[in-house]
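K.L.:
Sharing a model that was predicted from the sequence below.
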Amino acid sequence: MADVASQKTDLELVQAVCAGCRRSFDRLVDRYVRGVHAVASRIVCHTADAEDVTQETFIRAYERLYLFDQQYEFRNWLFKIATNLAINRLRSRRREQVLKFEAAERLKQQTSSDGGTLELPGDQDWHYWLGRLDEQYRAAIVLFHFSEMSYQEVADALDIPLNTVRTLLHRGRRQLREMMAKARQSENGSCDAANWKH
Amino acid sequence: MRCGELETLIDFYLDGDLDDDRSAEVRDHLQGCASCRATYQPMLTLLYQPVEVQLPGDLADRVKQAVAKVSPPAKAANGGGQHRSWSPGAWWMPISALAASLVLFVAGWLASSLWQKPAPQVIVVEKESAAQAEPVQVVLSPELLSGYLQSLAASAPNHPLAPAIQALAIEQMLAQAQWPESDDNVGLPRRRITEQLPPAPPQEQEQETGFYVPGLIPPLPVQRL
């Protein structure tokens, strides 16, 4: 029975839920909870908030399943809800300020404990780097690069024009690049901007 | 390819907008240039070799339990599709809100117009001579009449009706100014200037009683037509 349900498409499961079969929605939860949680985590950059956003995303999707437009993918619709909720959570908590403060405190503690040696986060420490990006850049980069959505799907998810998606991605990547290069410069004790401004 | 050129092309490369030859040039430069590799490699590692987010083991079960407590979704007409359905009985809410807004707007507009604007008055100026047998009717608010008077006095001082209109306007302005807080100056009664019009009260009397209107034009003598 579970195998049959797992073979159904998203649309078939949605139609089954709308027909009254709530257990079909459990299959959708199993299918997308990891992706929704990843999107939420990378935008809010906070473990507890990401779990709250994930739970709230599925509840809202279940309540408003009759609004789902069949011409779109259910996954993108779900990610759109998750993105909006995550951005709202971010704005309400002003998490960036807390993250920056925590990061500065962590660096300060590391500096004092290591006798003056700074240990910057690694290149794959997305929690640190994405948390320092502006929220609009962060959402576009998370959806495009980490959730592998197309430009049009990102535009639909964020309700912005297609060219704006390109602009956000370019500026976000530039901000990310400059942040990481600057951190490396600080790490190496070099202040020669010409090294990364060719 | 130079380093500055790579900075221009890197976003187009990451967007997949470059052709195969240019993409190969970008890749070759990134492999060969240590400076550019140091600049771009951290970002490329972050974006293209992401560390997977750890999913809490019980999160899916918690989500399912939370969803189970929620009331089931409303059924759309076609089983969940493009048509948005409204909850029963809720269709009248936006209509009634719109109607209430419209009523409030119209009521406010009527109240403000009745409260602020004095009723226009009819001033009939007649001349019983053969040259101008037709009476002249002017419908003006007191404010407009004052402006009209001053422009008329400036532009056509020799017009035969100008002195009479000037005198009437002065009289009305004095009437308004004497009771500025009263409603009596709103909607002045119809005035008629004829040959039998008694002479306007001399300004000297008003000044003798201590009446003073700031900015009022100098009194003009009333002339019989």
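P.N.:
In hand now; what should we look at?
K.L.:
Next, the contact list for B:Tyr48, please.
P.N.:
If you count contacts by Cβ atoms under 8 Å, 6 or more residues apart in numbering or on different chains, B:Tyr48 has them with A:His145. Heads up, the C-betas are built off the backbone N, CA and C, glycines and all.
K.L.:
Next: A:Val17.
P.N.:
Taking Cβ under 8 Å, 6+ apart, we find A:Val17 in contact with A:24-25, A:28, A:62, A:65, B:72-73, B:80.
K.L.:
Just to be sure, it is in a strand?
P.N.:
No: read with DSSP: H, G, I helix; E, B strand; the rest coil, A:Val17 is helix and lies in no strand.
K.L.:
and the contacts of A:Val17, which of them are in helices?
P.N.:
The helices, defined by DSSP state H, take in A:24-25, A:28, A:62 from the contacts of A:Val17.
K.L.:
To what extent is B:Gly19 buried, counted in neighbours?
P.N.:
Let me fix one detail, which is that residue B:19 is Asp and not Gly. 7 (other Cβ atoms under 10 Å in any protein chain shown).
K.L.:
For it, give me its contacts.
P.N.:
Neighbour list for B:Asp19: empty [criterion: Cβ under 8 Å, 6+ apart].
K.L.:
what's the answer for B:Glu25, then?
P.N.:
B:Glu25 neighbours (Cβ under 8 Å, 6+ apart): B:Met1.
K.L.:
And the pLDDT for it?
P.N.:
Note on B:Glu25: pLDDT of 88.
K.L.:
tell me the phi and psi of it?
P.N.:
phi -60, psi -40 (degrees, to the nearest 10).
K.L.:
What of A:Asp134?
P.N.:
When read as degrees, to the nearest 10, the backbone of A:Asp134 gives phi -60, psi 150.
K.L.:
Show me what the biggest helix by length in chain A is packed up against.
P.N.:
For chain A, the helix with the greatest residue count under DSSP H is helix A:162-188. Other helices and strands packing on helix A:162-188, by 3 or more Cβ pairs under 8 Å, 6 or more residues apart in numbering or on different chains; DSSP states H and E, are helix A:126-131, helix A:135-141, helix A:151-158, helix B:3-15, helix B:34-48.
K.L.:
Kindly reformat these as CSV and extend each row with distance to A:Ala86.
P.N.:
Output for those, formatted as CSV (distance: least, Cβ to Cβ, whole Å):
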stretch, distance to A:Ala86
helix A:126-131, 12
helix A:135-141, 8
helix A:151-158, 11
helix B:3-15, 23
helix B:34-48, 19
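K.L.:
Make TSV out of those helices and add mean pLDDT and distance to A:Leu78.
P.N.:
Formatted as TSV, the helices and strands packed on helix A:162-188 follow (pLDDT from 0 to 100; distance: least, Cβ to Cβ, whole Å):
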stretch	mean pLDDT	distance to A:Leu78
helix A:126-131	78	20
helix A:135-141	89	15
helix A:151-158	90	10
helix B:3-15	83	25
helix B:34-48	83	22
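K.L.:
list the contacts for the residue in chain B positioned nearest to chain A?
P.N.:
Nearest to chain A in chain B, going by Cβ to the nearest Cβ, is B:Cys3, at a distance of 3.0 Å. Applying Cβ under 8 Å, 6+ apart to B:Cys3 gives the contacts A:198, B:29, B:33, B:35-36.
K.L.:
Touching the strand or helix carrying A:Ile87 from outside, list them.
P.N.:
Element membership for A:Ile87 (DSSP states H and E) is helix A:74-93. The contact list for helix A:74-93 (Cβ under 8 Å, 6+ apart) reads A:10-11, A:14, A:28, A:32, A:35-36, A:39-40, A:43-44, A:46, A:49-50, A:52-54, A:56-58, A:60-61, A:68-69, A:95-96, A:135, A:139, A:142-143, A:147, A:149, A:153, A:156-158.
K.L.:
Show me how to select, in ChimeraX, the buried members of these.
P.N.:
Buried subset of the contacts of helix A:74-93, written as a ChimeraX selection, criterion 16 or more other Cβ atoms under 10 Å in any protein chain shown:
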select /A:10,14,28,32,35,36,39,40,43,44,46,49,50,52,53,54,56,57,58,60,61,68,95,96,139,142,143,147,149,153,156,157,158
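K.L.:
What are the buried residues along the longest helix anywhere in chain B?
P.N.:
Taking DSSP H as the criterion, chain B has its longest helix at helix B:92-116. For helix B:92-116, the neighbour count (16+ other Cβ under 10 Å) marks no residue as buried.
K.L.:
and chain B, which of the contacts of helix A:74-93 reach it?
P.N.:
Subset of those in contact with chain B: A:14, A:54, A:58, A:68-69, counting by Cβ under 8 Å from any Cβ of the partner chain.
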